[in-house]
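Peer 1: Provided below are the primary sequence and the corresponding predicted coordinates.
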Amino acid sequence: MYTGNPCNSSEHKELVSRRDFMNVMWQGMLASSALGVTIPSSLSHAASPTAADLSGMPGFGAAKQVIYVMLDGGFSHMDSFDIKKGVDPAYKGATNPLATNVDDLFIGHWFPKMAKHMDKLCVINSRKSRIGAHGPGQYYVRTGYELRGQDRHPHMGSWMDMFLDSLNDKLPTNFIINSPSNHPMSGWMNAKHAPLPIRDAKQGIPSLKSYQSEERLTKRLKLSRDLGKRFRSQHMNDDIQSIAPLYDDALAMMKSEDIVAFEINKEPEWKREAYGKNKLGEGLILAKRLVEHGVRHVEVSQGGWDHHNNIFADNVFPEKARMLDNALSALLEDLETTGLLQETLVVVTTEMGRSPKISSGAGRDHWPQAFTCLLAGAGIKKATVYGSTDELGRQVVDKALGTKDWCASIAHLAGVPWNKTVYSPSGRPFTAGGKDGKARMDLMAS
């Protein structure tokens, strides 16, 4: 959270005490539990008037919505989508090449269902990062900025919320499902741009069920407003004032018919089985339902990809790959069947790869020098492999794609002007693509 001076009024130069501020947040617990509100941050911003218009460029805004799959821990490119045939077993491990529905494109045999959907994807085998540590690396790929100093940076869902109109004014614009505790959320942006966190896709938002009685809900909202009114009138900064509108947002969502989106048990049993009854599968089926109801950005996280030892043992990489294979292939098929894939961007990313050579512990270690990510859906070149690594998967040798350009490319596809500057409360300039990040036009469909 931004910790600089948030006050805008000359009469209130002192910082609001943490204790008083938390009291107001507690008094607004209904909005907090319903909308996943975190302690808000101020935002004073101005778009750069000199930024070039991107609207006529290939792919810009092709994706109305984004489903962002984050594989926390480091996803092995050598065992998934950057297969090296005929290499030494010390590099190959237990992974065998599997033909796909795209000529001359082979993937790891752990992904038999995805082999039938490769014509929908752009496989990026040339991702690389400056960071080889989990927390900082995950922060970097989510925001396009390294974690330094006091500023905390917003993730892509918050940028979309700030720049783009809502597709459904009864639901928040962005969500995070299975999110880790260190997620950057809306960073230095105002709390209204924060994603709504959902800890368990099966439960959705439990508070919606608890307060479905409109009479009870109205009474609780009135009580919360009355308790906080005096405090907010005395502290006129954006942090405190941004709490009040959340009550109306909570009421609108709870009274909306769109809350059915959170009920994944309404999906047919065969479809739930196809996605997989685990955190990733249930997260992606909920993401699909939220997109169907006009949510702009949904991130679904799956941890556990940090395979230093016994990577090919049961319930290590093979089991994680099985869950990803089931859930991602089901999502792509579902979106294609409903027509949503034409306007939805599916992103599969990770903070780093794994070492090409098998370690002494029969695993793969951290490897930010080269790894694989995936794009599918709106605006991207399909049935394509972008970039490449050397014969052993150690280094990128063609079309290296760093994290800042990666973030700018996603922003471009989502219609967020990644070249426009926004200023944080500390007066520092930021862009949705990270400092100096530029969207890669050769990723975009013409």
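Peer 2: Right, received. Where do you want to start? Bear in mind the structure is a predicted one, so any value in this text is a computation, not a measurement.

Peer 1: show me where pLDDT drops low in this protein?
Peer 2: Scanning the chain for pLDDT under 70 picks out 1-51, 207-251.

Peer 1: quick one, helices of it?
Peer 2: Ranges of helices in the chain, per DSSP state H, are 18-27, 29-35, 89-92, 134-143, 156-163, 206-210, 214-234, 238-241, 244-255, 269-275, 279-292, 317-338, 403-414.

Peer 1: ok, what's across the strand from the residue nearest in space to the middle of the chain?
Peer 2: Centroid check for the chain by CA atoms, centre = their mean gives residue 299 as the closest residue, at 3.5 Å. As for beta bridges, residue 299 partners with residue 68, residue 176 under DSSP bridges.

Peer 1: so who does it touch?
Peer 2: For residue 299, the contacting residues are 68, 69, 70, 155, 157, 174, 175, 176, 177, 179, 195, by CB atoms under 8 Å, 6 or more residues apart in numbering. All C-beta spots, glycine's among them, are computed from the backbone N, C-alpha and C.

Peer 1: Compile those into TSV and extend it with columns for neighbour count and distance to residue 408.
Peer 2: Putting the contacts of residue 299 into TSV (neighbours: other CB atoms under 10 Å; distance: CB to CB, whole Å) gives the following:
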residue	neighbour count	distance to residue 408
68	23	15
69	24	19
70	26	18
155	29	14
157	28	16
174	26	18
175	27	23
176	26	21
177	26	24
179	21	23
195	27	20
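
Peer 1: Which one of these is nearest to residue 436?
Peer 2: Proximity of the contacts of residue 299 to residue 436 (CB to CB) peaks at residue 155, which lies at 18.8 Å.

Peer 1: Distance of the closest one relative to residue 407?
Peer 2: Per CB to CB, to the nearest Å, residue 155 is found 9 Å from residue 407.

Peer 1: Give me the common contacts of the two.
Peer 2: residue 143.

Peer 1: quick one on the thing from earlier: in TSV: the contacts of residue 299, plus distance to residue 141.
Peer 2: What follows is the contacts of residue 299, written out as TSV (distance: CB to CB, whole Å):
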residue	distance to residue 141
68	10
69	12
70	8
155	10
157	14
174	17
175	18
176	14
177	17
179	14
195	16
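
Peer 1: Nearest to residue 369 among those residues?
Peer 2: Residue 369 lies nearest to residue 70 out of those, by CB to CB, at 20.1 Å.

Peer 1: can you pull the contacts of the closest residue to residue 289 other than its chain neighbours?
Peer 2: Nearest residue to residue 289, sequence neighbours excluded (CB to CB, 6 or more residues apart in numbering): residue 261, at 4.7 Å. Applying CB under 8 Å, 6+ apart to residue 261 gives the contacts 171, 286, 289, 290, 292, 293, 295.

Peer 1: which of the residues you listed sit farthest apart?
Peer 2: Taking CB to CB, no two of the contacts of residue 261 sit farther apart than 171 and 286, at 12.6 Å.

Peer 1: Neighbour count: the two, which is higher?
Peer 2: Set side by side, residue 171 and residue 286 show more neighbours around residue 286, with 26 against 23, by other CB atoms under 10 Å.
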